[in-house]
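Peer 1: no sequence on hand, only this structure:
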């Protein structure tokens, strides 16, 4: 497939703007009049026709534009825990907040053009009370905070527009606090866009893409779409972590040309996999980045790379890679545990694909927690002024967050007692990392 197949009809002078619009849609599948900013929706509407065509052809996605809303309906190949909904303070949603968000959307779908926060809370509480283990007690501060986090998520994205009052005042005292919202109905119906009727799905696997069961051109096209989805949705893609038809496309030259034509970003290929080099703030989270956790993560990564490649040092012990298929099954089971099975409606539908065996790394270098904790303690000692008092008081939390960051970017695999070092760490071999001091020294 040639690169010219995509962005057809877009002039070279407009190609950069088109690529920015496509990156915008991929990063923000929901775009409203105010989210992520007031300029986003006009940028997407300017290239609506080629965006619809390319997103469908290249990725198997569907772009819908209704009123003051653009919605990208994505095809998912795997469960992804790295992009949770978050509160305005950055706290990831838990089951309670997700439940309130879903129930709130259901209430808004039945509402008119305005609703008060207390009215919304009353309706959600009525529905939540019928769900075992949930509920919404207005007298409980924890319940009110969780509910306001869900409302804040909708408010931030322009689904609810504050007309009067404050949700914070209601969260502090529902007897005296109140807020009034205008409802953006186009946005309400755009937020919840399941690929299939949920009452017909017995497992979250039913929302994932089908395996490559057809033959010929259709199979190759599906594998190529999955390969493009992988490189734009994941920080790094290892050949070992995807089915072989997808890996074959990841290894091919056409993929890099396609992705650069569509996004303007360059694909970096190594023996173990590929990496999309983010030179345009495409990803919501970047690595390396700023902040104490990121600085420690970079220093840890250079430490890991040095340990596993140092020819003069002690050879790193290698351990078997955990069963990825078993890990996926545990993740699926965890999600399915929350399914309301009493509402399941059996129908004759195609089942989700079975897990296929993935060949890949058999053994990876192991580095113990004690070694890494010692490295973090040395960083805090050596660069004392670069880290705030909270990190000096809680080095274990700094270590845990830094390792979690490395795991999100597929640089390590967390295992009992330590981490397994994945090939991405080799990119930071011989890197000279510096730490910016907080006092400017």
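Peer 2: Looks like it came in fine. No experiment lies behind these values; they were computed from the predicted model shown.

Peer 1: show me where the stretch 51-200 of the chain has helices.
Peer 2: 95-110, 117-128, 141-156, 167-172, 185-191 (DSSP state H, counting those that start in this stretch).

Peer 1: quick one: closest of those to residue 55.
Peer 2: With C-beta to C-beta as the measure, helix 185-191 is the member of the helices of the stretch 51-200 of the chain nearest residue 55 (15.5 Å). From N, CA and C alone the C-beta is placed, and that goes for glycine too.

Peer 1: against which helices or strands is that closest one packed?
Peer 2: Packed against helix 185-191 by the contact rule (3 or more C-beta pairs under 8 Å, 6 or more residues apart in numbering; DSSP states H and E) you find strand 30-32, strand 62-66, strand 69-73, helix 95-110.

Peer 1: go ahead and confirm residue 158 touches residue 32.
Peer 2: Yes. Checked against C-beta atoms under 8 Å, the pair residue 158 and residue 32 is within contact range at 3.6 Å.

Peer 1: need the residues touching each of those two.
Peer 2: Shared contacts of residue 158 and residue 32 (C-beta atoms under 8 Å, 6 or more residues apart in numbering): 184, 187.

Peer 1: more neighbours: the two, which one.
Peer 2: Taking other C-beta atoms under 10 Å, residue 158 and residue 32 do not tie; residue 32 has more neighbours (25 against 22).

Peer 1: correct me, but that one touches residue 68?
Peer 2: Yes. Assessed by C-beta under 8 Å, residue 32 is found in contact with residue 68 at 6.2 Å.

Peer 1: between those two, which contacts overlap?
Peer 2: Between them, residue 32 and residue 68 share these contacting residues under C-beta under 8 Å, 6+ apart: 41, 184, 186-187.

Peer 1: can you list the low-confidence ranges for this protein?
Peer 2: Along the chain, the parts satisfying pLDDT under 70 run over 1-3, 195, 210-215, 310-315, 342-361, 430-441.

Peer 1: how much space between the one residue sitting closest to the centre of it and residue 10?
Peer 2: Among the residues of the chain, the one closest to the centroid is residue 83, at 2.5 Å (C-alpha atoms, centre = their mean). Applying C-beta to C-beta, to the nearest Å, the value for residue 83 to residue 10 is 29 Å.

Peer 1: with residue 54 instead?
Peer 2: Computed as C-beta to C-beta, the residue 54 to residue 10 distance reads 9 Å.

Peer 1: and these two? Which one has more around it.
Peer 2: Just comparing residue 54 and residue 10: by other C-beta under 10 Å the higher neighbour count belongs to residue 54, 23 against 19.

Peer 1: residue 144 touches residue 167, doesn't it?
Peer 2: No. The pair formed by residue 144 and residue 167 falls short of the contact definition of C-beta under 8 Å, at 9.5 Å.

Peer 1: TSV for the helices and strands packed on helix 185-191, including distance to residue 252?
Peer 2: TSV is the format used below for the helices and strands packed on helix 185-191 (distance: least, C-beta to C-beta, whole Å):
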stretch	distance to residue 252
strand 30-32	32
strand 62-66	26
strand 69-73	25
helix 95-110	38
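
Peer 1: any idea which of these is most buried?
Peer 2: Mean neighbours per residue, mean count of other C-beta atoms under 10 Å, is largest over the helices and strands packed on helix 185-191 for strand 30-32, with a mean of 23.

Peer 1: residue contacts, residue 191?
Peer 2: By C-beta under 8 Å, 6+ apart, the contact set of residue 191 is 30, 71, 105, 154, 157, 159.

Peer 1: and residue 402, by the same measure?
Peer 2: Residue 402 makes contact with 293-294, 296-297, 300, 376 under the criterion C-beta under 8 Å, 6+ apart.

Peer 1: restricted to buried residues, select those residues in PyMOL.
Peer 2: Only the buried members of the contacts of residue 402 enter the following PyMOL selection, criterion being 16 or more other C-beta atoms under 10 Å:
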select buried, resi 293+294+296+297+300+376
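
Peer 1: show me the contacts of residue 402 that map onto helices.
Peer 2: Per DSSP state H, helices hold the following members of the contacts of residue 402: 293-294, 296-297, 300, 376.

Peer 1: ok, residue 43 - how many residues close by?
Peer 2: Residues near residue 43, counting by other C-beta under 10 Å, number 19.

Peer 1: check which helix or strand it maps to.
Peer 2: Assigned by DSSP states H and E, residue 43 belongs to helix 40-46.

Peer 1: for residue 278, give its distance to residue 266.
Peer 2: Distance from residue 278 to residue 266, by C-beta to C-beta: 10 Å.

Peer 1: neighbour count: the two, which is higher?
Peer 2: Taking residue 278 and residue 266 together and counting by other C-beta under 10 Å, residue 278 has the greater number of neighbours (16 against 13).

Peer 1: grab the nearest non-local neighbour of the more buried one.
Peer 2: Closest residue in space to residue 278, ignoring its immediate chain neighbours: residue 286 at 6.1 Å, by C-beta to C-beta, 6 or more residues apart in numbering.

Peer 1: assumed the one you found was part of a helix.
Peer 2: No. Counting by DSSP: H, G, I helix; E, B strand; the rest coil, residue 286 is not found in a helix; it is coil.

Peer 1: residues near it, how many?
Peer 2: As a burial measure, residue 286 scores 13 neighbours (other C-beta under 10 Å).

Peer 1: if I look at it, how far off is residue 277?
Peer 2: Taking C-beta to C-beta, one finds residue 286 at 11 Å from residue 277.
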